[in-house]
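Would you be able to build a 3D model of this:
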Amino acid sequence: MLRMDLAAQSSAGRTLYDRLGYTYAGPYRNEPGGQIYDLLLLQIANEDAAR
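Below is the predicted model:
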């Protein structure tokens with residue numbers, strides 16, 4: 001049975017991710033048959049570009 005991730009699908013979950021600067025990239029499972037997690041991406045500035 002595939003567990004649907006409610007945090008990522010809810011508007012409150014997506015709003016929190018957006019507010020913190022993350023982009024939701026989809027569900028992630030780190031082992032076959034394991035729990036499904038949210039895969040979040042965060043873009044950070046390049047230190048050289050900030051100088």
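
Assign a three-state SS to the residue positioned nearest the centre of the chain, would you?
Compute the mean C-alpha point of the chain, and by Cα atoms, centre = their mean the closest residue is L40, 2.3 Å away. Secondary structure state of L40, per DSSP: H, G, I helix; E, B strand; the rest coil, is strand.

so who does it touch?
With contact set as Cβ atoms under 8 Å, 6 or more residues apart in numbering, L40 has these partners: 17, 22-25. Where C-beta positions appear, they are placed from N, C-alpha and C, glycine not excepted.

of the residues you listed, buried ones?
When neighbours are counted using 16 or more other Cβ atoms under 10 Å, these contain these buried positions: 17, 22, 24.

What's the first helix or strand after the host helix or strand of Y17?
Using DSSP states H and E, Y17 sits within helix 11-20. Tracing the chain past helix 11-20, the next element assigned as helix or strand by DSSP H and E is strand 23-29.

hmm, back to that, looking at the buried ones among the contacts of L40, which is nearest N46?
For the buried ones among the contacts of L40, the residue nearest N46 by Cβ to Cβ is Y22; the value is 18.4 Å.

what's the closest non-adjacent residue to that closest one?
L40 (4.2 Å; Cβ to Cβ, 6 or more residues apart in numbering).

Show me what that neighbour bridges to in the sheet.
Taking DSSP bridges as the rule, L40 bridges to Y24.

confidence score at it?
Looking at L40, its pLDDT stands at 90.

Distance of it relative to Y24?
6 Å (Cβ to Cβ, to the nearest Å).

what is in contact with these two at once?
Joint contacts of L40 and Y24 (Cβ under 8 Å, 6+ apart) are Y17.

And for Y28, the neighbour number?
13 (other Cβ atoms under 10 Å).

you'd agree it is up against I36?
Yes - using Cβ atoms under 8 Å, Y28 is in contact with I36, at 7.0 Å.

sorry, back to before: quick check: mean pLDDT across the helix holding Y17?
Looking at helix 11-20 alone, the average pLDDT works out to 84.

how far off strand 23-29 does it point, in degrees?
If you take axes from the mean of the first three to the mean of the last three Cα atoms, to 10 degrees, helix 11-20 sits at 120 degrees to strand 23-29.
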